[in-house]
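Peer 1: Structure for this input, please:
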Amino acid sequence: MSKHQPSGVLQWLSLFLLMSLFGVSRGDVGTAARYSPPYLPTACFGNNPAQFPSSNLFGAAGEGIWDNGASCGRQYLVRCLSAAVHTTCKPEETIQIRIVDRAATSVSRPSRNDATIVLSTTAFSTIANVSADFINIEFSQV
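Peer 2: Prediction:
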């Protein structure tokens, strides 16, 4: 091996350092809107109030993740990446939500259509300023 060629270990170390500096996505990216009560009935579990987690961290699936209803009950980790107003996202906040409804048919209408996930008011305000209608998110199924 030539003195001028970095070893494989050095190349991996360099790659690791670059990934640490710039971050690595741990999930998919999409958008989130918010919706407010009333939340019942839902497309997933009807009028059963036990469907909502005690934390009130839940949401409705957009068409991209609805999966013909298979998304009902799925859990997702969600964090705000960016928004139109730079200070909208709450840095370092990640929440775990449960899908309880379908955004296209929810009783309460989303703040914006075509979102990947529509978050309850509590869920949205935990990761972003509630004055925003729409945010860019990173999400991954748990």
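Peer 1: From now on I want contacts and neighbour counts done on CA atoms only, so please keep to that.
Peer 2: OK.
Peer 1: pretty sure Val29 contacts Ile117?
Peer 2: No. Between Val29 and Ile117 there is no contact, the gap being 10.8 Å when judged by Cα atoms under 8 Å.
Peer 1: roughly how far apart are Cys89 and Ser131?
Peer 2: According to Cα to Cα, to the nearest Å, Cys89 and Ser131 sit 11 Å apart.
Peer 1: Comparing those two, which residue is more hemmed in?
Peer 2: Using other Cα atoms under 10 Å, the more surrounded residue of Cys89 and Ser131 is Cys89, with 25 against 9.
Peer 1: Nearest residue to the most centrally placed residue in the chain in space, ignoring adjacent ones along the chain?
Peer 2: Centroid-nearest residue in the chain: Val78, 3.1 Å away (criterion: Cα atoms, centre = their mean). Sequence neighbours aside, Phe139 is the residue nearest to Val78 in space, at 4.5 Å (criterion: Cα to Cα, 6 or more residues apart in numbering).
Peer 1: now the helices: where do they sit in this protein?
Peer 2: Using DSSP state H, the helices of the chain run over 8-22, 63-66, 121-127.
Peer 1: Give me the more crowded residue out of Val29 and Ile117.
Peer 2: Between Val29 and Ile117, Ile117 has the larger neighbour count (other Cα under 10 Å), namely 30 against 17.
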